[in-house]
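[1] here is my input, please return the structure:
(2 chains)
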Amino acid sequence: MSDIDLNLQIWRQKKSDSPGAFETYALDKISTEMSFLEMLDVLNEKLTKQGLDPVAFDHDCREGICGMCGTVVNGVAHGPEKEVTLCQLHMRNFKDGDTLVIEPFRSRAFPIRKDLLIDRSAFDRIIQSGGYVSVNTGGTPDGNAIPIPAQTAELAMDAAACIGCGACVASCPNGAAMLFTSAKVSQLCLLPQGQTERKQRALDMVATMDKEGFGNCTNERECEAVCPKSISIRNIARLNREYLMAALSEG
Amino acid sequence: MELNAHIPAGPLSEKWDNHKFNSKLVNPANRRKFKIIIVGTGLAGASASATLAEQGYQVQTFCIQDSPRRAHSIAAQGGINAAKCYQTDGDSVHRLFYDTIKGGDFRSREANVYRLAQVSNSIIDQCVAQGVPFAREYGGTMANRSFGGAQVSRTFYARGQTGQQLLLGAYSALSRQIHAGRVTMYNRREMMEIVLVDGKARGIITRNIITGEIEKYSADMVLLATGGYGNAYFLSTNAMASNVTAAWRAHKKGAGFANPSFVQIHPTCIPVHGDYQSKLTLMSESLRNDGRVWVPKDVNDKRHPRDIPDAARDYYLENKYPSFGNLVPRDVASRNAKEQCDLGKGVGSTKLAVYLDFADAIKRDGQETILKKYGNLFQMYEKITDSSPLQEPMMIYPAVHYTMGGLWVDYNLMTTIPGLFALGECNFSDHGANRLGASALMQGLADGYFVISTSVANYLGTNSLKAVSTDDVAFKEARQEVENRISKLLKNSSDGPTGKVTVDEIHKEVGKLLWDNCGMARNKQGLEAALAKLPALKDKFWNSVYIPGDMKEINQSLERAGRVADFLEFAEIMVRDALAREESCGCHLREESQTEENEAKRDDANFSHVSVWEHKGEGVEPVMHKEQLVFENVTPSQRSYK
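    As a prediction, this is how the structure comes out:
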């Protein structure tokens, strides 16, 4: 355990429509045991005591599962450590004297609301357009009446582990939401429960993705590299196949 | 305050069916005429929103996060119980009922808990139908595990992310209704006040977190599904935004608050490492299946744990509780860890931790087997602490995890305010003085998917509600109250931060006061001292809190300040409740109430009741009412783990 001094360059922007710029802050004696967000807490407490506006950033569970936190740190979404969200990134990943450039997840579809805090409701609208099995509450068959091979359940679970943080979009040179969308399409197309609406789901979710202003996939694989839950781009291949089959037979 | 639990007539196993039959219905064609407000989108709120919208009601749903998918139910790891008895191991609805009521140390209502066990099976079916990827056996049937010391395997799970998968299932059902136009979803809204018209809950006032706008919404009834209040302690395993505000506002408008001192403290969390710590991380208690808990015998033993020989170690749980050993229930494990640390035997830099050692298990079963069971937990631990449990023992310490107390509700889940209902962790209903593992997910979904729709129809079918709009004077007044309170919060901030305190400083102070005096073990003296300190802390907050920025913008300091203001008031009834309950029960040891062997001693003759607090006005002492608990089907027994 040790303390490090840091030089922070943080994106500050008052509102969606106001211009933003990087501001520089020196932060001393940061324990390497701290999480990245705790480091931001310390900065905010310091700014508050100086009468300055603290940095707005989204966060909630702080255990890597809610998907609410996330910024780009030195060019990498969720920072330098693999397979973690920003809240699970610890300061021992940095050295004394490091400069950290911290900016929001940037995408045409994710407007900045303030500083590092963005609007990801486009993701909700993608799910709303088909990311479900249309069953009402009650009247469903016994759980064991739908047998699912363990391997299939595991594959579906791999895809379902997506936390909807948006790091994939922020890292894609095209601002594509393919990893996010394909994770949900994959989960449901792998499972027997998702078969009835399989084709329409793929068509509708892709259409919404396009409508929201997300870009197209050109196999850059940046999304997979930063995904805190290791969602594989195999899901994107699966989505492409689902979409093509649906477009050919339904479209 | 009248406390009628409205428990239906008939034998225990027929009460729920009788109740459903005797409840009024609303004709499907008429349902669209009724508006329902639901606050919160965790398991209870999201499942209720989806279910009621499917049935045809007009639903308005509110959440504090940027998306309903983020609610803190998402963080539950272990699993969800149901009485499916897929393993043919002797489980049944009655056994799940009995285990839950016994686990709650006989401080919950028989009828409610029985209903919970009854609907548990439907929850699993519902979630499977939604496409929740539960773990499966190789033959394709559903997998189960034994959890939290249960003698049957009734826990369903999706890896270590059961809460996430169940929440995403409910979120997908909710999303479908949003798409269909039957739910209007309001993200990034914080509920600031409940609005009563003619004594009935008819709407809410919210703050739009993005614009700072104070907004009014009206409806025919209001459902709160706003979670627990563990963040009163500042450090807990709760998400940062979890708070008591919605429940507290309801309480101040007339909703009784039940058992506020019933707080579960989970034994296997990653210890605190510094003043800057913002939250605590829970690790599944399944770790205690193979890990051995110990501390050095000698307070001054500064050696590395690997260099301390067995003879110099105190495996205190195994020594004290030979038959259960490291698998004693959560409260016993937590309390003993604290006791060892209080004796100065704690380990690590803060001395507030005990060892959980896997060395013997690795020697016995091999590294591969242990990693298969706990690999993801070991990885999580290593990421946070930079220490590998394969090389050296883990360090653990208890942390505030779940609050069994909450708004008092009757069998219909209605609070003492007509038309105001409470679901999930924000009510007090099913877990008594201690919640069993894998039961929180079950209760949230039971309330939302399978219980509340009967109550909603019955309430709307038995009350003739006059039309109200947000232009009514009650809404204007409530909005004014909210604006006044925010102005009051900001009043110290115009002349800068010099000589002021920050929101977090006060929150940490009240949190520590509660942890020290109103935690796992309490005594009269400590509680009275805490009660005496609270008014000064409250004054310090209101007179010198500094909040940068203003109310008409994104202002995260202001959001936190509003929550801390309510925690400060709420802390008082927590402490009062703990003082009034002069027995040890469930999660809590009241130090004056112990057996000769220093174990918790429950006092059924004097405390077999729910304590329900009534707000009597600012600066006036709250009044406690009692709902006597009647046990007709089970006989309260004293727990023993020796």
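[2] CA only for contacts and neighbour counts going forward, please
    OK.
[3] and the stretch 1-150 of chain B, which residues reach chain A?
    Residues of the stretch 1-150 of chain B lying close to chain A by CA under 8 Å from any CA of the partner chain are B:51, B:54, B:65-67, B:69-72, B:74-75, B:122, B:124-126, B:128-131, B:133-142.
[4] if we go to 7 Å?
    Within the stretch 1-150 of chain B, the residues that sit near chain A (CA under 7 Å from any CA of the partner chain) are B:51, B:54, B:67, B:70, B:72, B:74-75, B:124-126, B:128-131, B:133-142.
[5] those in helices, which ones?
    Under the assignment DSSP state H, those contribute B:51, B:54, B:124-126, B:128-130 to helices.
[6] of all these, which two lie farthest apart?
    Farthest-apart pair in these is B:Glu54 and B:Ile124; separation 18.9 Å (CA to CA).
[7] neighbour count: the two, which is higher?
    B:Ile124 (27 against 21; other CA atoms under 10 Å in any protein chain shown).
[8] can you pull the contacts of the more buried one?
    A:Gly143 (CA atoms under 7 Å, 6 or more residues apart in numbering or on different chains).
[9] separation between it and B:Ala440?
    For B:Ile124, the distance to B:Ala440 equals 14 Å [CA to CA, to the nearest Å].
[10] right, and A:Arg113 touches A:Lys15 too?
    Yes. A:Arg113 is within contact range of A:Lys15, at 5.4 Å (criterion: CA atoms under 7 Å).
[11] which one's more surrounded, the two?
    A:Arg113 (21 against 18).
[12] show the pLDDT at that one.
    pLDDT for A:Arg113: 98.
[13] which stretches in chain A count as helices?
    Going by DSSP H, chain A shows helices at A:36-49, A:121-128, A:150-160, A:167-171, A:178-190, A:198-211, A:222-226, A:234-250.
[14] dump those helices into TSV; add mean neighbour count as well.
    Formatted as TSV, the helices of chain A follow (neighbours: other CA atoms under 10 Å in any protein chain shown):
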stretch	mean neighbour count
helix A:36-49	19
helix A:121-128	20
helix A:150-160	21
helix A:167-171	27
helix A:178-190	26
helix A:198-211	20
helix A:222-226	22
helix A:234-250	16
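[15] over to B:Tyr316: give its phi and psi.
    phi -60, psi -30 (degrees, to the nearest 10).
[16] so what's it closest to, chain neighbours aside?
    Spatial nearest neighbour of B:Tyr316, chain neighbours left out: B:Trp294 (6.1 Å); criterion: CA to CA, 6 or more residues apart in numbering or on different chains.
[17] show me what contacts A:His78?
    By CA under 7 Å, 6+ apart, the neighbours of A:His78 are A:70-72, A:84-86.
[18] residue contacts, the residue of the stretch 301-450 of chain B found nearest chain A?
    At 6.4 Å from chain A, B:Tyr449 is the closest residue in the stretch 301-450 of chain B, using CA to the nearest CA. Counting by CA under 7 Å, 6+ apart, B:Tyr449 touches A:137, B:47-48, B:51.
[19] quick one on the thing from earlier: nearest to B:His266, of the helices of chain A?
    The nearest among those, by CA to CA, is helix A:36-49 at 22.6 Å.
[20] just to be sure, the residue of the stretch 301-450 of chain B closest to chain A is in a helix?
    Yes. Under the criterion used here (DSSP: H, G, I helix; E, B strand; the rest coil), B:Tyr449 sits inside a helix.
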